[in-house]
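Asker: Please work out how this folds:
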Amino acid sequence: MASGVKVTEEVIAVFNDMKVRKAQANEDEKRKRKKAILFCMSKDLKNIVLDDGKEILLGDLGTTVQDPYQHFVKMLPPDDCRYALYDATYETKETKKEDLVFIFWAPDSAPLKSKMIYASSKDAIKRKFEGIKHEWQVNGLEDLKDRHTLAEKLGGSSVVSLEGAPI
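Answerer: Here you go, the predicted structure:
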């Protein structure tokens, strides 16, 4: 069932920025690219908006963020739902890859009303995020704390490293 929730233009712009990798981007532009970002419901529950301050920029890697995957996991609220985009960098036995992963975070400890609103609004945001190859619904930290689970979503046993760390 659709909830009637709208996705803000700002959310769509962030997705489009993350989706299109500019080959000729200068260093400054690359540092401002988002590695991961969280989205939440607006206070009036009518819009999906950016979750203020809940992002990792490529420029943060190696400075304020050592392990982007673990940092991302820590950004998720323990008792409320979120949508997220994570730009995964990984290697298979054949090649290096980057893919956007859409994550629906719905922890078991979240209020039932929140889980229902986020679940019924998921299609609205997914329709705006064209070209996403990987979708992952996560219901607790135990599903995410191990990078093996994300590696399986990205390519199963052919994935040999994620974010530069061996699997």
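Asker: Strands of the chain, start to end?
Answerer: For the chain, the strands defined by DSSP state E cover 6-7, 34-41, 47-57, 82-92, 96-105, 134-138, 159-162, 165-166.
Asker: Tell me how many other residues crowd Glu98.
Answerer: 9 (other CB atoms under 10 Å). Heads up, the C-betas are built off the backbone N, CA and C, glycines and all.
Asker: Measure how buried the closest residue to it other than its chain neighbours is and give me the count.
Answerer: Once flanking residues are discounted, Glu98 sits nearest to Thr89: 5.2 Å by CB to CB, 6 or more residues apart in numbering. Thr89 is flanked by 17 other residues according to other CB under 10 Å.
Asker: what's the answer for Leu85, then?
Answerer: Applying other CB under 10 Å, we find 23 residues neighbouring Leu85.
Asker: Would you mind confirming that it makes contact with Phe15?
Answerer: Yes. Counting by CB atoms under 8 Å, Leu85 does reach Phe15; the two are 6.5 Å apart.
Asker: tell me, what's touching these two both at once?
Answerer: Common neighbours of Leu85 and Phe15, using CB atoms under 8 Å, 6 or more residues apart in numbering, are Phe129.
Asker: Got phi/psi on the residue nearest to Ala106 when sequence neighbours are not counted?
Answerer: The shortest distance from Ala106 to any non-neighbouring residue, by CB to CB, 6+ apart, is to Cys81 (4.8 Å). Dihedral angles of Cys81 (phi, psi; degrees, to the nearest 10) stand at phi -90, psi 160.
Asker: ok, so what distance separates Cys81 from Ser120?
Answerer: The spacing between Cys81 and Ser120, counted by CB to CB, to the nearest Å, is 11 Å.
Asker: Could you give the separation of the least confident helix or strand in the chain by mean pLDDT from the chain centroid?
Answerer: For the chain, counting by mean pLDDT, DSSP states H and E, helix 27-32 ranks last in confidence among helices and strands (a mean of 84). Mean-position distance between helix 27-32 and its chain equals 19 Å (CA atoms, centre = their mean, to the nearest Å).
Asker: What of stretch 4-17?
Answerer: Chain-centre distance of stretch 4-17: 14 Å, with CA atoms, centre = their mean.
Asker: tell me, what residue is most central in this structure?
Answerer: By CA atoms, centre = their mean, the mean C-alpha position of the chain lies nearest to Leu85, the distance being 2.2 Å.
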